[in-house]
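A.B. asks: Got a predicted structure here, sequence first:
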Amino acid sequence: MLRRLVLATLATTAAGAAGLGPVPPLPLLSSPDVLTVTISKSGHPKADGTFRLDCEGEPGGDHPAAARACARLDKLAKERQDPFKPVTKDAFCGQQYGGRVVARVTGDWQGRSVDARFSRANGCEIDRWENLEPVLPRVRG
């Protein structure tokens, strides 16, 4: 995104310096919301795998619940929540176990790079996982 901003600024500045008069600024282009979701050890063969989720324009990719997943991400963005933020080290988490399932989400969301890991190892991680359903599959230990 920074590269696009620099290129737009240079183009506007060059046109103005060339004596072409005032040039309207180019619109800023945001990074597309495209994520790769990898699930393993769920115990559900249809849930495990690597899926692409494209939420730019019409939901797409090969994610099994692309439309609902993009709607969830859109809602979280409007609520200014960061679903990819890890649990803080000093969080008090309930001693419950939600299974061996793990997930990794990488890509771009809301103009920033994402590389997040998820599990269901304790109450905090379970809440974090369930907050991101259906981006992450509904699996129960």
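C.D. replies: Thanks, I have it.
A.B. asks: where does the chain have low pLDDT?
C.D. replies: Judged against pLDDT under 70, the low-scoring parts of the chain cover residues 1-31, 141.
A.B. asks: Would you mind giving the domain segments of it?
C.D. replies: Taking automatic domain parsing as the domain assignment, the ranges for the chain are 1-30, 31-131.
A.B. asks: Tell me which residue lies nearest the centroid of the protein.
C.D. replies: Closest to where the C-alpha atoms of the chain average out (C-alpha atoms, centre = their mean) is Trp109, at 4.2 Å.
A.B. asks: which residues sit in contact with it?
C.D. replies: Applying C-beta atoms under 8 Å, 6 or more residues apart in numbering, one finds that Trp109 lies in contact with 33, 35, 73, 77, 84. In short, each C-beta sits where N, CA and C put it, glycine included.
A.B. asks: Can you get me a residue count around the second one?
C.D. replies: For Leu35, the count of nearby residues is 23 (other C-beta atoms under 10 Å).
A.B. asks: Now it: which helix or strand?
C.D. replies: Using DSSP states H and E, Leu35 falls within strand 34-40.
A.B. asks: list the helices and strands that strand packs on?
C.D. replies: strand 49-54, strand 102-109 (3 or more C-beta pairs under 8 Å, 6 or more residues apart in numbering; DSSP states H and E).
A.B. asks: tell me the angle of the shortest one relative to strand 102-109?
C.D. replies: Inter-element angle recorded for strand 49-54 and strand 102-109: 20 degrees (by axes from the mean of the first three to the mean of the last three C-alpha atoms, to 10 degrees).
A.B. asks: Please consider this matter closed, and thank you.
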